[in-house]
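K.L.:
Sequence first, then the predicted structure, then my questions.
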Amino acid sequence: GAGVSQSPSNKVTEKGKDVELRCDPISGHTALYWYRQSLGQGLEFLIYFQGNSAPDKSGLPSDRFSAERTGGSVSTLTIQRTQQEDSAVYLCASSLSGVSNQPQHFGDGTRLSIL
Amino acid sequence: GESVGLHLPTLSVQEGDNSIINCAYSNSASDYFIWYKQESGKGPQFIIDIRSNMDKRQGQRVTVLLNKTVKHLSLQIAATQPGDSAVYFCAEDSGGSNYKLTFGKGTLLTVNP
């Protein structure tokens, strides 16, 4: 059984460019989360999708960040006009359903570096 | 705001010893807690979880203890092995309608052979 898959694993881009990060959750998991992890820091919640409900975007740091989830499966996190402070590891997680007491399972992340 | 924190940023132990990693939380409404292990270049890996109606839960070589009175969580690893070397995060279900997790900054565990 495949785990959460993220691509690319590494991304280096110039300041001002747009980037797209992809997440393929575990099959059957209806809840999907994006987190950001800066060097030596814990994980910072970004956005949450649950089924066909409107996503919870309360963690997105600015309007340059957006995410979508098509068909209730694959999700894409887009960062427009990237800045150096966007450099971090972006982690995706999924869980069986968006209720408490369900562990979130993580992918290995995309390591984003903004030059 | 309320957050999860860790008492020790680093812990170094000898192979075969038992390890204890501690975590304090401040959100009294949290009712679900998870420990994750993160190795270099990898995503967090689920280790064990516990609900607030329990005070102890055991897994394979790991035990999580929850003390709601003092809002304290600990992870005990028995017979620590070099492969246990990693950063360990505690996380709490911070409530609300999305069940997002709030993470501490992590403890680096180093196991010396």
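P.N.:
Structure received.
K.L.:
how about the residues of chain A near chain B?
P.N.:
A:4, A:6, A:31, A:33, A:40-43, A:45, A:48, A:50, A:56, A:58-59, A:91, A:93, A:95, A:98-109 (C-beta under 8 Å from any C-beta of the partner chain). C-beta coordinates here come from the backbone N, C-alpha and C atoms, glycine included.
K.L.:
Only alpha carbons, please: show stretch B:102-113 as CSV.
P.N.:
Taking Å, rounded to 0.1, in the frame of the first residue of the first chain, the C-alpha atoms of stretch B:102-113 are listed here in CSV:
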residue,chain,number,x,y,z
THR,B,102,-0.3,21.8,16.6
PHE,B,103,3.3,20.6,16.8
GLY,B,104,6.1,21.3,19.2
LYS,B,105,9.5,22.2,17.9
GLY,B,106,10.9,18.7,18.4
THR,B,107,13.5,16.9,20.4
LEU,B,108,16.6,15.5,18.7
LEU,B,109,17.4,12.0,20.1
THR,B,110,20.9,10.7,19.5
VAL,B,111,21.7,7.1,20.3
ASN,B,112,25.4,6.3,20.8
PRO,B,113,26.5,2.8,20.0
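K.L.:
who does the residue sitting nearest the centre point of chain A bridge with?
P.N.:
Nearest to the mean C-alpha position of chain A, by C-alpha atoms, centre = their mean, lies A:Trp34 at 3.1 Å. Residues in a beta bridge with A:Trp34, per DSSP bridges, are A:Ile47, A:Cys92.
K.L.:
residue boundaries of the strands in the chain?
P.N.:
Using chain A. A:5-7, A:10-13, A:19-24, A:31-37, A:43-50, A:65-69, A:75-79, A:88-95, A:105-106, A:110-114 (DSSP state E).
K.L.:
Chain B was what I was after
P.N.:
Listed from the start of the chain, chain B has strands (DSSP E) covering B:4-6, B:10-14, B:19-25, B:32-38, B:45-51, B:56-58, B:62-67, B:72-77, B:86-93, B:101-103, B:107-112.
K.L.:
Averaged pLDDT, the second one. What do you get?
P.N.:
So the one you mean is strand B:10-14. The predicted model gives strand B:10-14 an average pLDDT of 94.
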